[in-house]
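Asks: mind folding the following:
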Amino acid sequence: MRVLVVSDIHDNLEAISRFKTAVLKESYDLLAVLGDFTSPFTLRELLNVTPKLIGVFGNNDGDKALLKNLAPQLTDQPVEEVLEGWRALLMHGFKDQKLTEKIVYSLCVSGYYDIVLYGHTHTPKAEVIGRCLAVNPGTLSGYLAKLKSYAELEVSDHEVVARIIDLESGERVAVSSMRK
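Replies: Sure thing, here's the model as predicted:
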């Protein structure tokens, strides 16, 4: 299973256009959006990237009713998913960067989830914490960050590999993996 993960788009349509150009050359099974689309017109641009979209709302998402009209599967955080047998949790984040990272760390060391996908901090990360892969794709918009980024996950029943991709250069800026 190939999964794209994005967060913190903040209505940057130029970044979405670039993202689509980069990823539509390949085939992905799922797009996980971790909040802060901001407006329905932004979400509309993402709906044809993969056959399936799942996601959570972020703290800057405006009209949730209109967003849900476009994609009824969107919901408040957190969301649990099973990806090829791996227990995953999707969330945006809470209050500030420190609190969000404490929550992610706590979820990972609990041992309940195999994968925690989160956004909000605008800081890309892919790291193994205990027996859990924590992935933050950074911010697709590039706002309040050094780069515009997204994540790709390759998920099989025995291994998950996460790559953080710089949207501008296409370079991998972080790679982390975990095996069962």
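Asks: longest helix in this protein, by residue count?
Replies: helix 97-109 (DSSP state H).
Asks: and the following helix or strand past that helix, which strands flank it?
Replies: Using DSSP states H and E, the helix or strand that follows helix 97-109 in sequence is strand 115-117. Next to strand 115-117 in the sheet, as set by DSSP bridges, lie strand 86-90 (parallel), strand 132-136 (parallel).
Asks: neighbouring contacts of the first one?
Replies: Among residues not part of strand 86-90, those counted as contacts by CB atoms under 8 Å, 6 or more residues apart in numbering are 32, 34, 54-56, 77-82, 107, 112-118, 155, 160, 180. C-beta coordinates here come from the backbone N, C-alpha and C atoms, glycine included.
Asks: buried subset of those residues?
Replies: Among the contacts of strand 86-90, those buried by neighbour count (16 or more other CB atoms under 10 Å) are 32, 34, 54-56, 77-79, 107, 113-118, 155, 160.
Asks: who's in contact with Tyr118?
Replies: Ser7, Leu34, Leu90, Met91, His92, Gly93, Thr100, Val104, Ala134, Val135, Asn136.
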